[in-house]
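Visitor: next input, structure requested:
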Amino acid sequence: MTRSWAEMMTGIAERLRATTGDDVATWNERVRGTGLETEPELRAWLAEQGINGYAQMMLVMERFGYPDFLTASADELVDAQYADRPALRPVYDTVVAAALALGEVHVQARKGYVPLVGPRRTFAVLQASTKGRVDLGLRLEDREPGGRLLPARSVGNRDCAVRVALTSVDDVDDEVRDLLAEAYRENL
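Guide: Residues are numbered from 1 along each chain as shown. Below is the predicted model:
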């Protein structure tokens, strides 16, 4: 199953409660009570309260509104990525199926890319980089670009060192499946 940002926000809310002892509703009440009117002021105040990172991002959005991509479903996000390149959707689907066969894998849809997350962390990223190519970014720390492995400078969240360019389902061959499995194992 593919996770959306909304599902990620649920996890962030749970971590906020676990670390502060208070839920989102309580923090929203506190935020309203400050009378702060700008995002920078609110971010500074939350930092003073020890609220940083994703929890801070969530509370700021609770106050000033969520962008559309955070309220979209996972399917809507992936569909939007491939709306103007339908011939590449089967490439995405084939790689996701191969990843899910590796073991415990979560597919997390984002606005412009899809991380593949193992039990510990992201091991690969799928990104429809052009109208004719899906990039499969791989988190392989000791691999250098060469052969089919290309530099992954602008794939996903930049956790991936290398990428493989995929233009058709036929490109998702044994070599690509082996590289995907290697990235999964390396990031357990």
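Visitor: poorly predicted segments of this protein, please.
Guide: Low-confidence segments of the chain (pLDDT under 70): 1.
Visitor: show me how the protein divides into domains.
Guide: When the chain is parsed with automatic domain parsing, its domains come out as 2-71, 74-186.
Visitor: ok, Tyr184 - contacts?
Guide: Residues near Tyr184 by Cβ atoms under 8 Å, 6 or more residues apart in numbering: Ala99, Leu102, Gly103, Val105, Gly118, Phe123, Ala124. For every residue, glycine as well, the C-beta is placed using N, CA and C.
Visitor: dump the C-alpha coordinates for the helix or strand in which it is found into PDB.
Guide: Under the criterion of DSSP states H and E, Tyr184 resides in helix 174-186. Output in PDB follows, covering the C-alpha atoms of helix 174-186 (Å, rounded to 0.1, in the frame of the first residue of the first chain):
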ATOM      1  CA  ASP A 174      17.500  -8.600 -13.700                       C
ATOM      2  CA  GLU A 175      20.300  -6.100 -13.300                       C
ATOM      3  CA  VAL A 176      17.900  -3.400 -12.100                       C
ATOM      4  CA  ARG A 177      16.100  -5.900  -9.800                       C
ATOM      5  CA  ASP A 178      19.500  -7.000  -8.300                       C
ATOM      6  CA  LEU A 179      20.500  -3.300  -7.700                       C
ATOM      7  CA  LEU A 180      17.200  -2.700  -6.000                       C
ATOM      8  CA  ALA A 181      17.700  -5.700  -3.800                       C
ATOM      9  CA  GLU A 182      21.200  -4.600  -3.000                       C
ATOM     10  CA  ALA A 183      20.000  -1.200  -2.000                       C
ATOM     11  CA  TYR A 184      17.300  -2.700   0.200                       C
ATOM     12  CA  ARG A 185      19.800  -5.000   2.000                       C
ATOM     13  CA  GLU A 186      22.400  -2.200   2.400                       C
END
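Visitor: list the buried residues in it.
Guide: Val176, Arg177, Leu179, Leu180, Ala181, Ala183, Tyr184 (16 or more other Cβ atoms under 10 Å).
Visitor: thank you kindly, that will do.
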